[in-house]
Each structure stands twice: as C-alpha cells, then as structure tokens.
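> turn this into a model:
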Amino acid sequence: MNAPESFSTGIAHHIGRYSDAVRVPAGHELIFLSGTPGLRADGSLPEDFSEDAAQAWRIVSDALAQAGATLTDIVSARQWLTSADDLPTYAAVRAETIHHEPTFMLGVVSGLIWPNLRVEIEVTAVRPAPNT
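Just a heads-up that it's a prediction; the model follows:
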C-alpha cells in the first residue's frame, strides 16, 4: 500500500515547513480529531503559552494513539491562536513536535469557546486500513 504523498508548488515553503497538498491513496482510514486546546487532565490551563501549546500537541498525540495512529500520520492540521504575539512560540513548539510536512492552516481569531483558551488544534490523520 502506498503512503500519502506531499506536493509542493513552492509557495508554502515561503511561509513555513508544510505541504501545499497531500494525496491519500486508496486503502487508508481517515481519523478526524476535534479542536484540541491545551487543557490538563484536571481541566486547568498552563500559565505559560509554550506549555499550553505543547500540552495541546500531547493531547493530539494521545488521541491519535487511541485511534491507532501517530503524529506522523497527520495529513492536515488547522490551528487557531487568540494572539498573533504567540505565533513565534507556537511555531517553535510545532517544529519540535511535527517533523514531516502535512498541510497546515494557522489562523489568529478573537476568541475560542472558552475566553481563557489561547490555542486549539484540529487534525486529520490517515493510516493504512487493516487487511480484512
């Protein structure tokens, strides 16, 4: 079975390390993760934004593992921050976490569902379908 294939027009690489497009071949399962903030198990948020972003990515990783996938199976991520000032910190955390080039969308919005949330990450991952 073939793996997902990334494509580059050269445009995305002017902005960051991600693909312009990803093709998922037949024979793969799609895994969709809901928007994920950096909440701790007790429902609290880290005070430091770097830890907040890292926590959100840990939760994404844990949810993928429950679905039988890993971070390297991500083909697309939509990320939302509530402050443009957090962009450099967020980009550094993401670069430490994601080492391949899925498609990315990163937006800055005025707020998320809870007023104290600063980051939310939603991903789509794929993995080869089990042989049945």
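
> helix or strand with the lowest mean pLDDT in the protein?
Taking mean pLDDT, DSSP states H and E as the measure, the chain has helix 12-15 as its least confident helix or strand, at a mean of 79.

> strands of this protein, residue ranges please.
Along the chain, the stretches classed as strands by DSSP state E are 5-7, 21-23, 28-32, 74-81, 103-108, 119-128.

> got a list of what the spatially most central residue of the chain touches?
Taking C-alpha atoms, centre = their mean, the centroid of the chain lies closest to Ala77, which sits 4.2 Å from it. Applying C-beta atoms under 8 Å, 6 or more residues apart in numbering, we find Ala77 in contact with Ile98, Pro102, Thr103, Phe104, Met105, Ile121, Glu122, Val123, Thr124. The C-beta positions use only the backbone N, C-alpha and C, and glycine is treated the same way.

> nearest residue to it in space, please, no chain neighbours.
Leaving out its chain neighbours, the residue that sits closest to Ala77 by C-beta to C-beta, 6 or more residues apart in numbering is Val123, at 4.7 Å.
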